[in-house]
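K.L.:
pasting the structure only:
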């Protein structure tokens, strides 16, 4: 993606910078306070960051396959490669930017929000980005066109958000 579409990679980095600065403004120094309010603030921060990562990567990848669908179907009909090879290659091509963008975002906000365990937070963000990209490709490959793909994506995302446990407080 970085060599084939440098504008798309720059857009992902730009999004990471913007979201990192927005997070920094909203959640300045919420970490490290071990009161009920402080723990809830950190939980809100984690939820905001991870749902933002998920949505950013999912909706970015939903359109990816749709734009390449005709080429893929033609090449698949000519037996140039299998669907597995296509999707594995697509994920491998996106992996560098899926690792760099969360790192940029975390470097901007890490010390300002008071996170601890940099590596754990980074790995979580990177795994969410890579997983969301894969789910976006799955959704896109199931849909016949762009309109349907973007319409069914919330059907997959809303249950994940609801079952994330942040919105429903059982106490």
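P.N.:
Sure thing, it's come through. Since this is a predicted model, take the numbers as computed values, not measurements. Residues are numbered from 1 along each chain as shown.

K.L.:
could you point out where this structure is predicted with low confidence?
P.N.:
1-4, 165-171 (pLDDT under 70).

K.L.:
the most far-flung residue of it relative to its centre and residue 66, how far apart?
P.N.:
Distance from the C-alpha centroid of the chain, by CA atoms, centre = their mean, peaks at residue 78 (32.8 Å). Using CB to CB, to the nearest Å, residue 78 is found at 20 Å from residue 66. Backbone N, C-alpha and C define where each C-beta goes, glycine included.

K.L.:
the top helix by length along the chain - contacts with which helices or strands?
P.N.:
Longest helix in the chain by number of residues, with DSSP state H as the criterion: helix 36-77. Helices and strands touching helix 36-77, as assessed by 3 or more CB pairs under 8 Å, 6 or more residues apart in numbering; DSSP states H and E, comprise helix 6-26, helix 83-113, helix 118-142, helix 146-162.

K.L.:
right, and the ones you listed - which one's nearest residue 42?
P.N.:
Ranking the helices and strands packed on helix 36-77 by proximity to residue 42 (CB to CB) places helix 83-113 first, at 8.4 Å.

K.L.:
tell me how far the closest one lies from the chain's centre.
P.N.:
When distances are taken as CA atoms, centre = their mean, to the nearest Å, helix 83-113 is centred 8 Å away from the chain's centroid.

K.L.:
give the buried residues for that helix.
P.N.:
Neighbour-count burial for helix 83-113, counted by 16 or more other CB atoms under 10 Å, picks out 86-87, 90, 94, 97-98, 100-102, 104-106, 108-110, 112-113.

K.L.:
repeat that for stretch 28-39.
P.N.:
Residues 30, 31 are the ones in stretch 28-39 that count as buried (16+ other CB under 10 Å).

K.L.:
who touches it?
P.N.:
With contact meaning CB atoms under 8 Å, 6 or more residues apart in numbering, stretch 28-39 is reached by 41, 42, 45, 112, 113, 114, 115, 116.

K.L.:
of those, grab the buried ones for ChimeraX.
P.N.:
A single ChimeraX command is used to select the members of the contacts of stretch 28-39 judged buried by 16+ other CB under 10 Å:
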select :41,42,45,112,113,114,115
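
K.L.:
in a markdown table: the contacts of stretch 28-39, plus distance to residue 24.
P.N.:
Shown next, in a markdown table, are the contacts of stretch 28-39 (distance: CB to CB, whole Å):
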| residue | distance to residue 24 |
| --- | --- |
| 41 | 14 |
| 42 | 14 |
| 45 | 10 |
| 112 | 4 |
| 113 | 7 |
| 114 | 11 |
| 115 | 11 |
| 116 | 16 |
